[in-house]
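Q: Model the following, please.
(one chain, ligands or ions: 2)
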Amino acid sequence: MYTSKNSSSKNSPILEARNICKYYDMGDTRITAVKNASLSVYPGEFVAIVGKSGSGKSTLMHMIGLLDTPSEGEIVLNGHLTKNFKENQLANIRNSEIGFIFQAFNLLQRTTALDNVILPLTYSNVPKADWNKKAIDMLTMVGLGNRLYNRSNELSGGQKQRVAIARALINNPSIILADEPTGNLDSKTGTEIMELFLHLNTQGKTIVLVTHDDDLAEIAQRKVVLRDGEIINQ
Ligand SMILES: Nc1ncnc2c1ncn2[C@@H]1O[C@H](COP(=O)(O)OP(=O)(O)OP(=O)(O)O)[C@@H](O)[C@H]1O
Ligand SMILES: [Mg+2]
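A: Ligands and ions are numbered 1, 2, ... in the order given. Take a look at the predicted model:
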């Protein structure tokens, strides 16, 4: 049964992937997207996952973010072995423990910045009376206090990603997972978004970030390199 968050102490990992594999069977051929990957992420860490296109970064992130299930191996999140979780348990743990940020922002179109950030609160235990203030505070923190009522299609790429970051943070997750969050941004805007991640990390947030940009990966404390689905160094 899934109960509390932040049950891990400083010394135990927030996230553990144990020998996870992902296969895709296409007729007679098997594509191995991730091969026997093991990874532990500790509270307060900033980890970058790097590797060439097709090396399995997104597949690995989707599995550790409980958006996809491993073909083999297991994911332990805050001490909870998620292997036999049913879909509703996975949805609960995702909503409370994980903030996911995508390259393509994945905001609701024609919906205001504020309502995009409120959405995860509607699946939480936060009283409805507090939703607005919490979301406004979060959007202000990411620098969008002046765009609360703009629809997402009225925002620049950098602003959309700030809304997505506010949405990912709103339920105070244990871990932030970001898959190429600067991939659709120009380099200046991308650097600003990376500075925001760095700021969040100095505030204590645990972050795992996928990038194929080695310069961007340098700001992380630790680099995990994937090659052909295998972790070749940590
Ligand atoms: N649904 C799927 N069915 C079949 N093969 C897949 C599927 N998803 C991913 N793959 C394959 O798994 C491998 C890893 O893909 P993945 O998307 O994880 O790479 P990536 O490192 O994120 O690449 P990029 O940097 O281009 O985003 C690729 O060879 C890809 O073709
Ligand atoms: Mg990818």
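
Q: Just give me the neighbour total for residue 67.
A: When counting by other C-beta atoms under 10 Å, one arrives at 15 neighbours for residue 67. Yep, even glycine has a C-beta here, placed from its N, CA and C like the rest.

Q: does it sit in a helix or strand, and which one?
A: Here residue 67 is covered by no helix or strand, with elements defined by DSSP states H and E.

Q: Check what pLDDT it gets.
A: pLDDT for residue 67: 95.

Q: where does the chain dip in pLDDT?
A: For the chain, the stretches flagged by pLDDT under 70 are 1-10.

Q: Nearest the geometric middle of the chain, what residue?
A: The residue lying closest to the centre of the chain (C-alpha atoms, centre = their mean) is residue 177, at 1.9 Å.

Q: Would you quantify the distance from that residue to residue 112?
A: Distance check for residue 177 against residue 112: by C-beta to C-beta, to the nearest Å, it reads 25 Å.

Q: before we move on, the earlier item: residue 64 is in contact with the residue nearest to the centre of the chain, correct?
A: Yes - Residue 177 sits in contact with residue 64 when judged by C-beta atoms under 8 Å, with a separation of 6.7 Å.

Q: Overlap in contacts, those two.
A: In terms of C-beta atoms under 8 Å, 6 or more residues apart in numbering, residue 177 and residue 64 are both contacted by the residues residue 208.

Q: which helix in this protein runs the most residues?
A: Among the segments of the chain that qualify as a helix by DSSP state H, the longest is helix 187-202.

Q: just to revisit the earlier point, name the helix or strand for the residue nearest to the centre of the chain, please.
A: Assigned by DSSP H and E, residue 177 falls in strand 175-179.

Q: now what about that strand, what contacts it?
A: 14-15, 41, 57-58, 61, 64-65, 77, 97-103, 168-169, 197, 200, 205-210.

Q: Among those, which lie within helices?
A: Taking DSSP H as the definition of helices, the contacts of strand 175-179 contribute 57, 58, 61, 64, 97, 168, 169, 197, 200.

Q: how near is the fifth one to residue 26?
A: Spelled out, it's residue 97. In this structure, residue 97 and residue 26 are separated by 33 Å, where distance is defined by C-beta to C-beta.

Q: Give me the buried positions along the longest helix of the chain.
A: By neighbour count with 16 or more other C-beta atoms under 10 Å, helix 187-202 contains the buried residues 189, 190, 193, 194, 196, 197, 200, 201.

Q: For the chain, what lies in contact range of ligand 1?
A: Of all the residues in the chain, those in contact range of ligand 1 (C-beta under 6 Å from any ligand atom) are 24, 31, 33, 51, 53, 54, 55, 56, 57, 58, 59, 212.
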